[in-house]
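S.K.: Everything below, folded, please.
(one chain, ligands or ions: 1)
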Amino acid sequence: MNKQFDVVVIGAGPGGYIAAIRAAQLGFSVACIDEWKNGSGGPAPGGTCTNVGCIPSKALLQSSEHFEHAGKHFADHGIEVQGLGLDLGKMLGRKDSVIRQNNEGILHLFKKNKVTFFHGRGSFVKVGEGGYEIQVQGAAQEALTGKHIVVATGSSARALPGAPFDEDRILSNDGALRIPAVPGKMGLIGAGVIGLEMGSVWRRLGAEVTVLEGLPTFLGAVDEQVAKEAKKAFDKQGLKIELGVKVDEVRRSDAGVAIDWTNAKGEAQTLEVDRLIVSIGRVPNTEGLNADGVGLTRDDRGAIVVDADCRTNLPNVWAVGDVVRGPMLAHKAEEEGVAVAERIAGQHGHVNFNTIPWVIYTSPEIAWVGQTEQQLKAAGVAYKAGTFPFLANGRARALGDTTGMVKMLADAATDEILGVHIVGPMASELIAECVVAMEFRASSEDLARICHAHPSLSEATKEAALAVDKRTLNF
Ligand SMILES: Cc1cc2nc3c(=O)[nH]c(=O)nc-3n(C[C@H](O)[C@H](O)[C@H](O)COP(=O)(O)OP(=O)(O)OC[C@H]3O[C@@H](n4cnc5c(N)ncnc54)[C@H](O)[C@@H]3O)c2cc1C
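M.R.: Alright, predicted model coming up:
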C-alpha cells in the first residue's frame, strides 16, 4: 500500500526543502523527494544552489578573493607576503566541505521538522483516491500518495547548440566549479551573473579570461549607470569582455577549445582557450516527472505554467522556483515555497516580486532592488535620483575599497523609494536595508532620517537617500 502524506514535495533545492519544512511546521505530514547524489552516491539535498550554484560559487569567490588580496592588496596595508602559493586542491576541498555541511544541515532540518526524505527520482503515476500517486525510483523505491504535490525540480544549464557539455573542456556551472588546475586561457560565453562570477574566480587565480556576450549592452537588466561603473572596474582588473558577439562555431580538441566568433564590427575572430565555460541561461527540469502523463501544462520553454499563486493547471498541484516563471534565484524559490505551504494551509502566503533583491558577487559586488532608471523612464514615471560614491565614505576608505556608489530612485511626487542600485563593497549586505525600506513603502526621507552607525558602509545608503533631496552631508 502507498505511503500516504498530506504534502509530497518533489525536489529538495531551496524551493522544495523550504516548502517541505514550512508545510511540516503548519502541521502537515510531509515527504520530500530528491535525486541529487554526492560523490559517494549518498543523498545531497540542497539542489543546484547547494551543490553547484550559490554556495560553492561563493566559497570559491571568497577563497580566490583572499588569494588576490594577499598577492595584490596586502602590500597597501603594509603587509609583506613572500612565497605566496596556491593549493588549488585544498581550495576545492574546502568548497566541497562547505557543500557537505549544507547537505547535512538540510537532512538534519528534515529530521528536526519530521519531514520524511526519500532519495531518488519522483514522478507522477496517476491521480488516485487519496490524491496523486508518486513513484520514487533510486536509492529509495517507494510508492507515495500526496493530497498536495509541490513540484520544485529546478533547472539545468543550457548548452550551446553543437557544443554539448563534457565538463572537461566545455563546462557548465558544474564543471566550472571543479577545474583541477588553473587554466592559462579561459573563455566564457555569456556575461550574466553566473558567467561574471565564474570568470572572476578563475581570473583571480591566474587565468586569462575572455568573456563573449551576445547582447550589445553590458548587464542589460542592471541600472545603466551602475553597469557602466562595474564594467570600468572589470576592465581595470583585466577581465576582457566582448559585447555584441555572434558565436559561429565551437571546436573542441584534446588540447582545448577554439571558438570562431564575429565581433560587433562584423569581423571574424578566433579565440583559443584551454577551457570554455558556457553560461547562456538555464532550462527548467521536468524530464522524468511524467508531466504529460498526468496532463501538467508546460510552456514553450518547458517551464511549468503557474498562476500568480504558484497553482498549476492540476488541482492541488503547485510548482515553485526555477521550474516556473520569474527570476531564477534561490531566495525567490524559497519565498514561493513558504507561500505555497501557507496557501495549502488556507493562509494568505505572499511573494512581492517588486522587492526581490538581485546580487552579483563579483568584486565590486552589484546589488539592486526595484526599478532601474531606464525602466522608470520607459514607463514615464517622474522620479528623483540620488547617488553617493563610496569614495566619500570613511569606512570604505579604511577598508581600502572605494569603488562604486549607492544610487537611490524615488517617486518625484510622493518620495516613495522605487529602486536602489549599489555597486561596491558588501553591496549584497547593504541591499537588505533597502529591501526592508521598500517593503514598508518608505520614502527616501524616511531612510535619510534614520541613524546609521559610523563608520559603516551603510552610511552611503543614508547619504544616497539625502542625495535624492540634494542635501548630502559628506559629498
Ligand atoms: C553557478 C550558480 C550560482 C548561483 N548563485 C546564486 C546566488 O548567489 N544567489 C541566488 O539567489 N541564486 C543563485 N543561483 C540560482 C539558484 O541556484 C537557483 O535559483 C535555485 O537553486 C533554484 O532553486 P530550486 O529549488 O527551484 O531548484 P534547484 O536548486 O535546481 O533544486 C531542484 C532539485 O530537484 C531535484 N530534482 C529534479 N527533478 C527531480 C525529480 N524528478 N525527482 C527528484 N528530484 C528531482 C534536483 O536534483 C535538485 O536537487 C546560482 C546558480 C548557479 C548555477
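S.K.: from here on, contacts and neighbour counts on C-alpha atoms
M.R.: Will do.
S.K.: The longest strand along the chain near the ligand at all?
M.R.: Ranked by residue count, the top strand of the chain under DSSP state E comes out as strand 142-151. No: contact between strand 142-151 and the ligand is absent, the nearest approach being 8.4 Å (criterion: CA under 6 Å from any ligand atom).
S.K.: Which strands and helices lie in contact with the following helix or strand past that strand?
M.R.: Sequence order places strand 155-157 as the next helix or strand after strand 142-151, per DSSP states H and E. Contact here means 3 or more CA pairs under 8 Å, 6 or more residues apart in numbering; DSSP states H and E; on that basis strand 155-157 packs against strand 282-284.
S.K.: got the contact list for the strand it packs on?
M.R.: Thr153, Gly154, Ser155, Ser156, Ala157, Arg158, Arg301, Gly302, Ala303, Asp322, Val323, Val324 (CA atoms under 8 Å, 6 or more residues apart in numbering).
S.K.: now do stretch 377-396
M.R.: Here stretch 377-396 has contacts from 376, 397, 401-413, 415, 424-425, 454-457, 459-461, 463-470, 472, 474-475, using CA under 8 Å, 6+ apart.
S.K.: So which of the residues you listed are in strands?
M.R.: Using DSSP E, the contacts of stretch 377-396 in strands are Met405, Val406, Lys407, Met408, Leu409, Ala410, Asp411, Gly424.
S.K.: How about the residues of the stretch 51-200 of the chain by the ligand?
M.R.: So far as CA under 6 Å from any ligand atom goes, the stretch 51-200 of the chain lies against the ligand at 52-54, 57, 120-123, 152-155, 173, 194.
S.K.: Check those for burial and list the buried ones.
M.R.: For these, a neighbour count by 16 or more other CA atoms under 10 Å gives the buried set as 52-53, 57, 120-123, 152-155, 173, 194.
S.K.: how far does the longest helix belonging to the chain sit from the chain's center?
M.R.: Criterion DSSP state H: the longest helix present in the chain is helix 88-112. Relative to the centre of its chain, helix 88-112 is centred 18 Å away, using CA atoms, centre = their mean, to the nearest Å.
S.K.: If you count contacts, what does that helix end up packed against?
M.R.: helix 14-25, helix 47-52, helix 54-68, strand 115-119.
S.K.: most packed of these?
M.R.: helix 14-25 (a mean of 28; mean count of other CA atoms under 10 Å).
S.K.: which other helices and strands contact the helix or strand harbouring Val201?
M.R.: Assigned by DSSP H and E, Val201 falls within helix 193-204. Under the contact criterion of 3+ CA pairs under 8 Å, 6+ apart, helix 193-204 touches helix 54-68, helix 173-176, strand 185-189, strand 208-212, strand 358-360.
S.K.: Which of the three states applies to Phe124?
M.R.: strand (DSSP: H, G, I helix; E, B strand; the rest coil).
S.K.: who does it bridge with?
M.R.: Ile134 (DSSP bridges).
S.K.: Surely it is in contact with Tyr132?
M.R.: Yes: Phe124 lies in contact with Tyr132 (CA atoms under 8 Å); the separation is 7.2 Å.
S.K.: Pull the contacting residues for the residue of the stretch 151-300 of the chain found nearest the ligand.
M.R.: Nearest to the ligand in the stretch 151-300 of the chain, going by CA to the nearest ligand atom, is Gly154, at a distance of 3.1 Å. Listed by CA under 8 Å, 6+ apart, the contact set of Gly154 reads Gly11, Gly13, Gly47, Thr48, Pro284, Asn285, Gly321, Asp322, Val323.
S.K.: So which of the residues you listed is the closest to Lys114?
M.R.: The nearest member of the contacts of Gly154 to Lys114, counting by CA to CA, is Gly11 at 16.8 Å.
S.K.: ok, that closest one - how many residues close by?
M.R.: Close neighbours of Gly11, defined as other CA atoms under 10 Å, add up to 28.
S.K.: Same question for Glu104.
M.R.: 15.
S.K.: Could you check how far it is from Thr48?
M.R.: In this structure, Glu104 and Thr48 are 15 Å apart, going by CA to CA, to the nearest Å.
S.K.: OK, contacts around Cys32?
M.R.: Val8, Val9, Ile10, Gly11, Ala12, Gly16, Tyr17, Ala20, Val115, Thr116, Phe117, Phe118.
S.K.: let's see it at 7 Å
M.R.: Listed by CA atoms under 7 Å, 6 or more residues apart in numbering, the contact set of Cys32 reads Val8, Val9, Ile10, Gly11, Ala12, Ala20, Val115, Thr116, Phe117, Phe118.
S.K.: and the host helix or strand of the first one, is it in reach of the ligand?
M.R.: Of the helices and strands defined by DSSP H and E, Val8 is found in strand 3-10. Yes: using CA under 6 Å from any ligand atom, a contact is recorded between strand 3-10 and the ligand, made by Ile10.
S.K.: Nice, that's everything, thank you.
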